[in-house]
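Colleague: Coordinates for the following, if possible.
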Amino acid sequence: MRTAVYFCSCGTNISEKIDPERIARELGGEPTVAYVRNVEYLCSEEGKEFLEADLRENRPDRAIVAACSPRDYESAFMQCLGRAGMNPYFLQMVNIREQVAWVTPDPCQAAEKACRMIRAAVARVQLHAPLERTELDVCTDVVVIGAGPAGLKAALALAEGGRKVTVVEKTPVLGGMPMRYGDLFPNLECSPCLLEPVLAEVMHGPHAERIELLTLSEVVEVTGYYGNFTVKVQQTPRYVDVDRCIGCGYCIPPCPATTPNEFNYGLDERKAISYPFSGVLPNAPFLDLQACLRGRGEDCRLCQAACPVEGAVCFNDREKTLERQAGALVVAIGAGLYDCGALPSLGHGRIPGVYTSLEFERILADNGPTHGQVSISGGTPQSVAIMHCAGSLDPHHRPYCSGICCQYAFKFNHLLESKRPGARVLHLYKELVMPGKEAYALYQRARDNPHATFVRYGDIGDVEVSADNGQILIRYPSDSGRAAAAVDMLVLCPPVVPNEGASRLAALLDAPCDEFGFFEELNGRLAFAESKMKGIYLAGACQSPTDVQRAAGQGMAAAAGILAGLVPGRKLQVEPITAWTDEEKCSGCRLCAAVCPYKAIGFEPQRRASKVNPLLCHGCGTCVATCPAGAMQGNHFSNAQIFAEIEAILQ
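Modeller: A predicted model of the protein is given here:
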């Protein structure tokens, strides 16, 4: 088998330490080496043209390129082989720049080391198989799970790119958590006003016809793989026809049934048929059958009788199971807050006037339970304590910093001053975080407030909260020992934690979660909008605590990845460097599936042997190394190829 060796001098990067002539002399005697060519800059356009022409003229069986890292130019050299009429996988690169010339000072030793490495490559490349990329038809539709800022921005970008998008939202409203806020940090913009243009575009814009909005819906089953997913969605009946409803709200006052309003965190009540809060979209109420008298067997029709539009309130609405085809999915389910019940010493749920930050957001919001009025049972609070890091930076609760709590705490400071001028504000904090170019201004405004006090504490376990004559008494450590402050209201800022449905959805998608329960990204720096399951993209706080700006940006990043990978009319190329199963050797122990980081290995009920999905496999070799029977094999990295390389380098 004739093997051609191309030695790149790389200017003086390589040739200064490794003599090309010595390489040619020593390798010239190898029986499988047809010839050795020395090229000054093989990676240049002239160098690649030379390589292609030389391969076409001399027609070697295999090719070795001794140059720099394969990460830099292996793909380019493989393309040269393909254009010259050779199978691209008949190439083997040897890194003699980073691994030899740059780290071996002695020229004689460097030359000997380079010769050994090239001989090893020659031995290995004899066993290379003529692999071929395959092509697969794909579906370019997308399912977006979650209708917050991240999901909506992803859906809108995808629809603008000509894709059909199905948005699956668990609640009856669009917009996610920011729709419940009055103002957003750092510039105190009206949150519903900020989202309204996006919602208008999604619902009624020029690309809305390509966006299907499914509220009160959850994904219950996902099968398939990148380019060809089948997604089953279960939709709970709304009992209100969104297309017929005119949003007048006449159905709500006659309703005799009430229930705690979960959208206001139980701070008030709502009717069984109601809007979660004013200003929601879609502009139609929903009927909660568990709260409705009809759910208890009574034939109450007062809401239907009050409705001026026939058929808008429809009691015959039924649960639906819908099926959608998709090439990719975007997970944008948001996050939640740490349960303050795990911090009993702070008094949440036990002492009146102790609220979480989300509860306080609703109190501050104009469409909240108090219509934006900051009030307590005894009147208006004259003093408020804001406890930062309530469970954060704590090995017993959450060891990480959520990165947004300080900023909304400073926002609370500003809003309290505007709504209750002169009210004292006590900030209890572990650390203060002000990232970015705008956050510091909000902090400085809080610092400059003459009614604000900042006190640092160490351990949340050292803070005690109790009721004291209608006030809240907070005892905390200080430089002089213990200190105490009596306030009218306490706002806790707990850490951001994964959405309660994250683990269930992760199991459905076969997409792993990290140690904290958030969806794990493919790479935390360069591929944070992709999960480790190919075709499953991540956007917003499902992946990490984040603010609206970053969530929207991740939604756009996820959309960009999908638009680039799934193009109408273009088939998906499947890389052949994957694992495969020797069915004769496989015992069905399933260890390979357990260790595969990309969930690429499955088992069919009628087959004992495992089956590798080449579209999901990244060729990492974890399953090959794990298989006790040697049934798992790796294309382009077979045991025979690796052993041949090792044996040659040791000779």
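Colleague: need the contact list for Leu213.
Modeller: 147, 167, 169, 174, 202-203, 282 (C-beta atoms under 8 Å, 6 or more residues apart in numbering). All C-beta atoms are positioned from the backbone trio N, CA, C, and that covers glycine.
Colleague: Include neighbour count when you put these into CSV, please.
Modeller: Below are those laid out as CSV (neighbours: other C-beta atoms under 10 Å):
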residue, neighbour count
Ala147, 29
Val167, 27
Glu169, 24
Leu174, 22
Val202, 25
Met203, 15
Pro282, 19
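Colleague: So which of those sit within helices?
Modeller: Residues of those located in helices (DSSP state H): 202-203.
Colleague: can you tell me which of the contacts of Leu213 lies nearest to Lys48?
Modeller: Nearest to Lys48 among the contacts of Leu213: Val167, at 45.9 Å, using C-beta to C-beta.
Colleague: ok, that closest one - contacts?
Modeller: Contacts for Val167 (C-beta under 8 Å, 6+ apart) come out as 144, 146-147, 151-152, 155, 174, 202, 211-214.
Colleague: how does it look with 6 Å?
Modeller: Shown in contact with Val167 (C-beta atoms under 6 Å, 6 or more residues apart in numbering): 144, 147, 155, 213.
Colleague: What of Glu319?
Modeller: Residues in contact with Glu319 (C-beta under 6 Å, 6+ apart) are Pro237.
Colleague: what residue ranges in the chain score low on pLDDT?
Modeller: The chain contains residues with pLDDT under 70 at 378.
Colleague: how does it divide up, domain by domain?
Modeller: Split into domains by automatic domain parsing, the chain comes to 3-125, 134-236+319-334+499-568, 243-315, 339-496, 575-635.
Colleague: Redo these as CSV? Include distance to Phe643.
Modeller: CSV is the format used below for the domains of the chain (distance: least, C-beta to C-beta, whole Å):
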stretch, distance to Phe643
domain 3-125, 9
domain 134-236+319-334+499-568, 28
domain 243-315, 62
domain 339-496, 44
domain 575-635, 13
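Colleague: Number of residues surrounding Arg83?
Modeller: When neighbours are counted by other C-beta atoms under 10 Å, Arg83 registers 16.
Colleague: Quick check: it touching Leu51?
Modeller: No. Contact criterion C-beta atoms under 6 Å: Arg83 and Leu51 do not qualify, at 9.7 Å.
Colleague: wait, is Pro77 part of a helix?
Modeller: Actually, residue 77 is Phe rather than Pro. Yes. Under DSSP: H, G, I helix; E, B strand; the rest coil, Phe77 falls within a helix.
Colleague: Among the domains of the chain, which comes closest to Glu647?
Modeller: Ranking the domains of the chain by proximity to Glu647 (C-beta to C-beta) places domain 3-125 first, at 7.0 Å.
Colleague: Closest one of the contacts of Leu213 to Arg504?
Modeller: Taking the contacts of Leu213 together and measuring to Arg504 by C-beta to C-beta, the closest member is Glu169, at 16.0 Å.
Colleague: where's the closest one relative to Leu214, distance?
Modeller: 7 Å (C-beta to C-beta, to the nearest Å).
Colleague: Thr134 now?
Modeller: 34 Å.
Colleague: And these two? Which one has more around it.
Modeller: Using other C-beta under 10 Å, the more surrounded residue of Thr134 and Leu214 is Leu214, with 20 against 13.
Colleague: Check the contact between the more buried one and Val165; I expect there is one.
Modeller: No. Counting by C-beta under 6 Å, Leu214 does not reach Val165; the two are 10.9 Å apart.
Colleague: Pick the one among the contacts of Val167 closest to Ile246.
Modeller: Taking C-beta to C-beta as the measure, Leu213 is the one of these closest to Ile246, at 18.2 Å.
Colleague: mind listing what the closest residue to Cys596 other than its chain neighbours touches?
Modeller: Once flanking residues are discounted, Cys596 sits nearest to Cys623: 5.6 Å by C-beta to C-beta, 6 or more residues apart in numbering. With contacts defined as C-beta under 6 Å, 6+ apart, Cys623 is in contact with 579, 592, 596, 632.
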